[in-house]
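**Q** This is the structure alone, sequence omitted:
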DNA sequence: ACTTCCTGCAACCCAACGGTTGCACGTAAA
DNA sequence: TTTACGTGCAACCGTTGGGTTGCAGGAAGT
């Protein structure tokens, strides 16, 4: 599980890399599923802008939508967030190993 | 500590949200500090492109540079990666709480 | 039926992004 | 002192990004 090609991961980070979009994600996280117009209220941009952002988030599989009567509710998909977090941890771990390798090389006098 | 305004976090995600940049970060994580030309070797883009990407990464405080003679070595700053990961965890946690709140509301019959 | 509210689509705009090329400058090696 | 290598700066280019406005179509409410 959690194979997640680099390209897909980059898409996730790209989706999170915009202030408006990130605030939408935060809001969904804090107050649960909401419609586009609900999200637009309180935001400093148009509903249409929010809609576009939601499409980007959905393309990155960070949100899911569900038609609820005449309105559309968008909800977070936390699995993607967790995947992204795991990816970051992997890089950090690799870096720490690299550092340790370097330390050993530096501290050992040349063998010959 | 680790206050990290949303804007700064968005910058970090933005920096990670490009395939070339993400591959640079991965490579720095796996093989340790390198110069721009070293990173350009093996990549499918020009050294100048890599340089620009490194500037973006540095602006997001994801990398640090150190002048080493005539060349410049770029190194990962894992603290930022960890901050970003913590941010994601926070959102996931908030979402889970929101879900739990919803469950309780749904399962309780209306009080009046 | 009529009105209200939320959504969806399309056109359009400016700014920023990712990338390239060309050249000048310092530092290291011959 | 040449020669070679790594870097820095600037101009330029096509494409995409974030955002807006305007309007048409359906589901709810009265």
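**A** Happy to help now that I have it. This structure is a prediction, so every number in the text was calculated from the model and none was measured.
**Q** Where does pLDDT dip in chain A?
**A** Along chain A, segments meeting pLDDT under 70 span A:1-4, A:102, A:104-112.
**Q** Swap in 80 and give it another go.
**A** For chain A, residues meeting the criterion pLDDT under 80 lie at A:1-4, A:95, A:98-112.
**Q** show me what contacts the closest residue to residue A:7 other than its chain neighbours?
**A** Of all residues not flanking residue A:7 in the chain, residue B:19 sits nearest, at 6.3 Å (Cβ to Cβ, 6 or more residues apart in numbering or on different chains). C-beta: built from backbone N, CA, C; applies to glycine. Going by Cβ atoms under 8 Å, 6 or more residues apart in numbering or on different chains, residue B:19 touches A:6-7, A:10.
**Q** Most neighbours among the residues you listed, which one?
**A** residue A:10 (21 neighbours; other Cβ atoms under 10 Å in any protein chain shown).
**Q** Helix or strand: which one has residue A:67?
**A** Secondary structure assignment for residue A:67, by DSSP states H and E: strand A:63-68.
**Q** tell me which residues of that strand are tucked away?
**A** Using 16 or more other Cβ atoms under 10 Å in any protein chain shown as the test for burial, strand A:63-68 gives A:63, A:65.
**Q** Distance from it to the middle of the chain?
**A** Relative to its chain's centre, strand A:63-68 lies at 18 Å (Cα atoms, centre = their mean, to the nearest Å).
**Q** next SSE after it?
**A** strand A:71-76.
**Q** quick check: angle from the helix or strand just after that next one to helix B:78-107?
**A** Using DSSP H and E, the helix or strand that directly follows strand A:71-76 along the chain is helix A:78-107. Taking axes from the mean of the first three to the mean of the last three Cα atoms, to 10 degrees, helix A:78-107 and helix B:78-107 form an angle of 160 degrees between their directions.
**Q** now check helix A:78-107, is it near chain B?
**A** Yes - using Cβ under 8 Å from any Cβ of the partner chain, helix A:78-107 reaches chain B at A:78, A:81-82, A:84-85, A:88-89, A:91-92, A:94-96, A:98-99, A:101-102.
**Q** Can you spell out which helices and strands pack onto that helix?
**A** helix A:6-16, helix B:19-31, helix B:78-107 (3 or more Cβ pairs under 8 Å, 6 or more residues apart in numbering or on different chains; DSSP states H and E).
**Q** and chain A, which residues reach DNA strand D?
**A** Applying Cβ under 7 Å from any atom of the strand, one finds that chain A approaches DNA strand D through A:17-18, A:20-21, A:44-46, A:48-49, A:52-53, A:56, A:69-70.
**Q** Please repeat the previous calculation with a cut-off of 10 Å.
**A** A:11, A:14-21, A:23-24, A:40, A:43-53, A:55-56, A:59, A:67-71 (Cβ under 10 Å from any atom of the strand).
**Q** is chain B contacted by the strand holding residue A:67?
**A** No - Strand A:63-68 does not reach chain B (Cβ under 8 Å from any Cβ); its nearest approach is 11.0 Å.
**Q** What of stretch A:31-40?
**A** Yes - using Cβ under 8 Å from any Cβ, stretch A:31-40 comes into contact with chain B via A:31-32.
**Q** Tell me which residues of that stretch come out buried.
**A** In stretch A:31-40, counting by 16+ other Cβ under 10 Å, buried: A:32-36, A:38-40.
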